[in-house]
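1. no sequence for this one, just the structure:
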């Protein structure tokens with residue numbers, strides 16, 4: 001099996017390349033700048049914002065895994081960059097893959113395509129993006145469907161695991177440093193997916209005939225509340241987290257005053273996915289959430305001991 005992986009040097013892309021190499025696939029990595037990648041060869045795509053030509057990248061490829069995406073951008077540039085990187089570059093890749101007659105394009109999307117007020121998600125729920133990022137992923141999905149390529153779309157919730165960044169890394173650090181967290185009164189239900197489970201599901205779907213031209217949700221298969229997640233992170237780190245109850249309405253007021261409403265909602269909101277469609281095809285997550293958190297904690301401890309100071313992460 002010959003595959004192309006975009007975003008190959010990122011958190012998810014690197015893990016995906018590693019797993020593909022483990023099972024014996026020939027991996028071509030599409031990268032924007034010369035960088036070390038877990039791949040047999042690399043194809044330089046200088047700038048996703050400059051109408052990239054994917055012809056050489058997809059030549060001789062059986063399956064394309066499109067993982068690359070922009071999640072954050074300066075506010076003044078967000079709309080333009082999300083459009084060009086997440087939507088237009090996906091469109092040109094899908095059309096190039098179609099022209100090259102690749103067997104499948106597996107596109108990594110997000111549960112951000114769903115309406116923020118919903119508490120649980122199914123593949124059949126219509127997109128109603130909660131923010132500009134979600135809107136760009138929904139638009140990219142539409143471009144993939146219209147490109148003519150044979151595809152599988154995978155919508156993921158919060159992804160964690162070794163190499164994680166952003167809010168989950170901040171939560172790890174907060175628990176490790178025993179920073180008091182006023183989230184003990186939160187009662188919610190959230191799905192997460194360990195990066196190894198996500199990669200396993202994407203590879204599984206890439207080769208399953210019944211996954212052709214369909215959308216799937218993926219998760220660890222075990223939902224948790226935010227307080228329970230914090231306690232489990234603490235157990236994995238060998239720390240007792242300092243978590244205490246605080247009225248949720250008051251939390252929202254404080255978050256609004258400090259410009260952190262979006263971050264807070266990701267912590268206290270519900271986001272449960274129904275992955276029965278993926279299970280019906282016979283897929284089971286190879287790692288439990290406990291195992292996933294333990295591997296993440298082990299990476300975190302190793303990084304703290306041997307890596308650069310946390311302030312540079």
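-> Yep, that arrived. Computed from a prediction, not measured in an experiment: that's the story for all the values here.

2. hey, let's count contacts and neighbours off CA atoms from now on
-> Noted.

3. Tell me, how many residues neighbour residue 259?
-> Neighbourhood size, residue 259 [other C-alpha atoms under 10 Å]: 11.

4. Return the distance of it relative to residue 170.
-> Separation of residue 259 from residue 170 (C-alpha to C-alpha, to the nearest Å) stands at 17 Å.

5. Show me which helix or strand of this structure is least confident by mean pLDDT.
-> Of all helical and strand segments in the chain, the minimum by mean pLDDT, DSSP states H and E falls on helix 78-81, at a mean of 80.

6. right, and the helix or strand after that one?
-> Following helix 78-81 in sequence order, the next helix or strand is helix 89-99 (DSSP states H and E).

7. Show me which positions of that next one end up buried.
-> Neighbour-count burial for helix 89-99 flags 89, 90, 91, 92, 93, 94, 95, 96, 97, 98 (criterion: 16 or more other C-alpha atoms under 10 Å).

8. Looking at these, which is nearest residue 22?
-> Nearest to residue 22, judged by C-alpha to C-alpha, of the buried residues of helix 89-99 is residue 97 at 24.4 Å.

9. From one end of stretch 206-217 to the other, what's the distance?
-> Distance across stretch 206-217, first residue to last, is 14 Å (C-alpha to C-alpha).

10. Show me the residue sitting in the middle of the protein in space.
-> Ranked by distance to the mean C-alpha position of the chain (C-alpha atoms, centre = their mean), the top residue is residue 159 at 4.9 Å.

11. Mind naming the longest helix for the chain?
-> Counting residues, the longest helix found in the chain (DSSP state H) is helix 289-306.

12. Could you list the low-pLDDT ranges of the stretch 201-313 of the chain?
-> Flagging of the stretch 201-313 of the chain using pLDDT under 70 yields the residue ranges 306-313.

13. What ranges does it have for its helices?
-> Taking DSSP state H, counting those that start in this stretch as the test, the helices found in the stretch 201-313 of the chain are 226-237, 248-258, 261-268, 276-280, 289-306.

14. Out of these, which one sits most buried?
-> When the helices of the stretch 201-313 of the chain are scored by mean count of other C-alpha atoms under 10 Å, the highest mean neighbour count falls to helix 226-237 (a mean of 20).

15. possible to save the helices of the stretch 201-313 of the chain as CSV with distance to residue 13?
-> CSV is the format used below for the helices of the stretch 201-313 of the chain (distance: least, C-alpha to C-alpha, whole Å):
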stretch, distance to residue 13
helix 226-237, 24
helix 248-258, 32
helix 261-268, 23
helix 276-280, 21
helix 289-306, 17
